[in-house]
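[1] Sharing a model prediction with you, sequence too.
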Amino acid sequence: MGIFNRIFNVGKAEAHAMVDKLEDPIKMTEQGIRDLKKDLDKSLQALAEVKAMSIRSKKDLNDSKSMAKNYEQKAILLIQKAEKGELEVAEADRLATESLSKKEEALEAAKRAQEEVTRFDNNIATLDKNVKKLKSTISSYENELRTLKARARVSSATQKINKQLSGIDSSGTVSMLEKMKEKVAQQEALSEAYGEISLENRSLDDEIDDVLSEKNVKASNSLEELKAKLKNKSE
């Protein structure tokens, strides 16, 4: 039996691990907020219903009080009529007694209505407290959700950048740059060597043409003019 329990516990642990991997904290928070809003809607509906019953009970209370007062006034009027001789005393007493009985029934109804009003008002206070708590909780969770979404975007962007940076082979890049520098240096040296070789391999005609070139002629004339100026100054 023990080995089956161990196998079951291992399977249960693996199942929990799979669920943890599938859980998305943002989606879970959004679902939690949706559930709370459903609870809030139900609480608001219950609050409205209890308030409606409270309003009706208060109306019944006022009606019963008014009825009791009205029956008492009728009993007084009946007695007054009997005193004035407008109504037989026995009949007045009978009707007055019936009116007072109705008054007591109205007072009992008023008492029951008052108890209902008190109970409903207590229920309203409790429901109103729960509604305010739910609203505050939902607002708090929505603020946390906005923060969580912002953090998720930042962490996702950071993760991408870090992943890209981690894929860069800095040592290989430096090695390639060094090889490039060496290759360029070799090309520059080779170019310079070819230049020297080309000068060494000039023919006699090339040297003559170079001496007689316009550039060298101008330079020679400038040299002669400079010598003449120096000679004039010395004289």
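    Yep, that arrived.

[2] How far away from the center of its chain is the longest helix along the chain?
    Of all the segments assigned as helix in the chain under DSSP state H, the longest by residue count is helix 89-166. Counting by CA atoms, centre = their mean, to the nearest Å, helix 89-166 is centred 27 Å from the centre of its parent chain.

[3] what's the answer for stretch 67-77, then?
    65 Å.

[4] Tell me how this protein divides into domains.
    The chain breaks down into these domains under automatic domain parsing: 2-168, 169-201, 203-235.

[5] pLDDT weak spots in this protein?
    For the chain, residues meeting the criterion pLDDT under 70 lie at 1-23, 165-174, 194-221, 223, 233-235.

[6] Mind doing that once more with 50?
    1-4, 6-8, 10, 13, 15-19, 21-22 (pLDDT under 50).

[7] Geometric centre of it: which residue is closest?
    Centroid-nearest residue in the chain, with CA atoms, centre = their mean: residue 146, separated by 1.3 Å.

[8] Kindly provide the distance from residue 230 to residue 139.
    According to CB to CB, to the nearest Å, residue 230 stands 98 Å off from residue 139. Where you see a C-beta, it was placed from the backbone N, CA and C, and this is true even at glycine.

[9] wait, I meant residue 94
    From residue 94 over to residue 139 (counting by CB to CB), the distance is 67 Å.

[10] what's the answer for residue 186, then?
    Taken as CB to CB, the span from residue 186 to residue 139 is 71 Å.

[11] just checking, which of the domains of the chain sits deepest inside the structure?
    domain 2-168 (a mean of 13; mean count of other CB atoms under 10 Å).

[12] Tell me how far that one lies from the chain's centre.
    28 Å.

[13] hang on, residue 144 packs against residue 29?
    Yes. Counting by CB atoms under 8 Å, residue 29 is a contact partner of residue 144 at 7.1 Å.

[14] isn't residue 92 right next to residue 77, touching?
    No. Using CB under 8 Å, residue 92 makes no contact with residue 77, being 9.4 Å away.

[15] roughly how far apart are residue 40 and residue 137?
    9 Å.

[16] whoops, I mixed them up, residue 55
    29 Å.

[17] same thing with residue 60?
    Taking CB to CB, one finds residue 60 at 36 Å from residue 137.

[18] same question, residue 47
    Relative to residue 137, and taking CB to CB, residue 47 is found at 16 Å.

[19] now do residue 154
    In terms of CB to CB, residue 154 sits 26 Å off from residue 137.

[20] for residue 32, same thing?
    From residue 32 to residue 137 the distance is 10 Å (CB to CB).

[21] same deal with residue 46?
    Residue 46 is 17 Å from residue 137, by CB to CB.

[22] now residue 58
    When residue 58 is compared with residue 137 (using CB to CB), they lie 32 Å apart.
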